[in-house]
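A.B. asks: Got a sequence here, can you model it:
(one chain, ligands or ions: 2)
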Amino acid sequence: MTKSPSPAAPLLAWFDRNKRILPFRQNKTPYRVWVSEIMLQQTRVSAALPYYERFMAELPDVRALADCEPDRLAKLWEGLGYYSRARNLQKAARIIVDEYGGELPADAAMLRKLPGIGDYTAGAIASLAFGLPEPAVDGNVLRVWSRLSNDASDVTLPETKRRMTAKVRAAQPQDRPGDFNEALMELGALVCIPNGAPLCGECPLQSRCEGYKAGTAPGLPVKPAKKPRRTEDWTLGVVLFEDGVLLEKRPDTGLLAGLWQPAMFPGTLSAEEIEKRLGAQGVVAHAERALKPARHIFSHVEWHMTGYLLRAERFSPPYEPTTRAQLESGRALPGAFKSVRAVLEKVL
Ligand code: ADE
Ligand code: SF4
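C.D. replies: Ligands and ions are numbered 1, 2, ... in the order given. The predicted model follows:
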């Protein structure tokens, strides 16, 4: 590791010429920046864009978000995954209304106290929306910085993040702190890309990049191997009743909290077995056919799902018959059940 001059000037010049025109870069209010940064945390820009536009159209300000019906909010988030992000957005919006008169505080430490806002998001809102000199270090920035400084420290360690955050802070130009942060993220998204070879030939920082000079950049950043995901086998029952399908609301905590699901049992069951299990819950149903097996990957677990299409004569709580219209307007069926949605589009 050697000390390089601040990359600010060439980075900002590159950003001014090459940045993408994105909706959240227009009219950068604190609210718009906040929602975009939360959406972009676990979601690619291209995947988030349609959600972002729809969300902003329906919930244009903090008060609208605070007042939104939770099922409606889940519906606006349906398919994006990591639904706790939406629940935390609303919790924070309610605090902002109750305690700050509906305006996000212009202070990183105060932002940091709100649900769902960590160091990165607090720094991003503070710098991008309020012009405050705060760093905003996400995975993109850790990657770029590891390469620039040829630093092979494990970027998953809090100590590494703390140290790199201090370096970013020191390099930040006082007149454009937000643009500097966003330029680092943009360089990470467009040029200093993840998974192998960065596009160093297009990089405005090549002449001052230690990782490029040493030839080590493609192998950076260093992260320990991930633990393999646990897999779980499930059997789904897509149970039709009259003109709807029986759905059950998931518990208010844990995976996919508060969202809707079809009947679901652990293990891989036969048609007779699932009829029996449903019967024990007061649902008299007959299996009509097996469904195509499906998988869904969450961050820590992978679901392997088999299932059946059934028709019921009788149902009982916790199941609720749900029509196509209800599915479209108010009940969020998470992306994990994409295969079920496809079946329902044909049969409902
Ligand atoms: N990823 C997260 N926030 C971003 C932003 N403002 N610009 C580009 N990529 C991002
Ligand atoms: Fe990344 Fe290459 Fe630019 Fe260095 S020169 S910052 S490794 S793209």
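A.B. asks: List the buried residues for stretch 263-280?
C.D. replies: 263, 264, 265, 269, 271, 274, 275, 277, 278 (16 or more other Cβ atoms under 10 Å). In this view, the C-beta of every residue, glycine as well, is placed from N, C-alpha and C.
A.B. asks: Identify the residues contacting the residue in the stretch 51-200 of the chain positioned nearest to ligand 1.
C.D. replies: Across the stretch 51-200 of the chain, the shortest distance to ligand 1 (Cβ to the nearest ligand atom) belongs to residue 185, at 4.2 Å. Applying Cβ atoms under 8 Å, 6 or more residues apart in numbering, we find residue 185 in contact with 136, 138, 140, 141.
A.B. asks: can I get the buried residues of stretch 263-280 in JSON lines with pLDDT, distance to ligand 1 and secondary structure?
C.D. replies: Compiled in JSON lines, the buried residues of stretch 263-280 are given as follows (pLDDT from 0 to 100; distance: Cβ to the nearest ligand atom, whole Å; DSSP: H, G, I helix; E, B strand; the rest coil):
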{"residue": "263", "pLDDT": "97", "distance to ligand 1": "38", "secondary structure": "strand"}
{"residue": "264", "pLDDT": "97", "distance to ligand 1": "34", "secondary structure": "strand"}
{"residue": "265", "pLDDT": "97", "distance to ligand 1": "39", "secondary structure": "strand"}
{"residue": "269", "pLDDT": "97", "distance to ligand 1": "42", "secondary structure": "coil"}
{"residue": "271", "pLDDT": "97", "distance to ligand 1": "46", "secondary structure": "helix"}
{"residue": "274", "pLDDT": "97", "distance to ligand 1": "43", "secondary structure": "helix"}
{"residue": "275", "pLDDT": "97", "distance to ligand 1": "48", "secondary structure": "helix"}
{"residue": "277", "pLDDT": "97", "distance to ligand 1": "44", "secondary structure": "helix"}
{"residue": "278", "pLDDT": "97", "distance to ligand 1": "44", "secondary structure": "helix"}
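A.B. asks: The nearest residue to residue 277 once chain neighbours are set aside pairs with what?
C.D. replies: The shortest distance from residue 277 to any non-neighbouring residue, by Cβ to Cβ, 6 or more residues apart in numbering, is to residue 265 (5.3 Å). Beta-bridge partners for residue 265, by DSSP bridges, are residue 235.
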